[in-house]
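Asker: structural data only, the sequence is not supplied:
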C-alpha cells in the first residue's frame with residue numbers, strides 16, 4: 001500500500017514537471033531587450049530600466065523592436081506617496097528616454113508615462129523603489 005502511494009506520488013510529480021517545462025518562452029511573453037521591466041500597452045510596450053535615481057525608458061513595438069525616437073513622443077510625471085504630481089523632463093540619449101527621480105525622503109515614487117504613437121496614446125504606470 002505505501003509502495004503504491006509512493007509510486008503514484010512520484011509519477012504525478014514527474015508528469016507535472018514535464019507539463020511545466022518551457023514556460024519561459026511561452027507565446028505572448030514580453031522580452032526585455034535592455035534588462036528592465038516591460039509593461040504592455042495597446043499601441044506599444046514600454047521598458048523601464050532603473051539605475052539609482054536615473055530612469056531609462058525604451059518604447060518597443062509589440063514585436064519587441066526598439067521604436068525610433070521620431071516615431072514616439074513621451075511625457076512623464078512623478079508622484080511621491082503623499083505628494084503632488086510633478087512633471088518630469090525627458091531627454092533622449094544613448095537610445096533611451098532618460099529622466100531623474102527625486103525620492104526626497106520617500107521610499108517609492110510613482111512614474112506615469114504617456115506615449116503618443118501615430119496619433120494614439122498609451123499610458124503606463126510604474127512604481128519605482130529605492
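Answerer: Sure thing, it's come through. From a predicted model like this one, the values you see are computed outputs, not experimental measurements.
Asker: is the residue nearest the centre of the chain in a bridge, and if so with what?
Answerer: For the chain, the residue sitting closest to the mean C-alpha position, by C-alpha atoms, centre = their mean, is residue 38 at 2.4 Å. With DSSP bridges as the criterion, residue 38 is bridged to residue 47.
Asker: list the contacts for it?
Answerer: Taking C-beta atoms under 8 Å, 6 or more residues apart in numbering, we find residue 38 in contact with 30-32, 45-48, 60. For every residue, glycine as well, the C-beta is placed using N, CA and C.
Asker: and with 10 Å instead?
Answerer: Applying C-beta atoms under 10 Å, 6 or more residues apart in numbering, one finds that residue 38 lies in contact with 29-32, 45-48, 58, 60, 64, 124.
Asker: kindly report the same for residue 94.
Answerer: residue 56.
Asker: tell me the buried residues in stretch 76-92?
Answerer: In terms of neighbour count (16 or more other C-beta atoms under 10 Å), stretch 76-92 has its buried residues at 76, 78-80, 88, 90.
Asker: which one of those is nearest residue 115?
Answerer: Taking C-beta to C-beta as the measure, residue 76 is the one of the buried residues of stretch 76-92 closest to residue 115, at 9.6 Å.
Asker: from what I can see that closest one touches residue 128, true?
Answerer: No - with contact defined as C-beta atoms under 10 Å, residue 76 and residue 128 do not form a contacting pair (11.1 Å).
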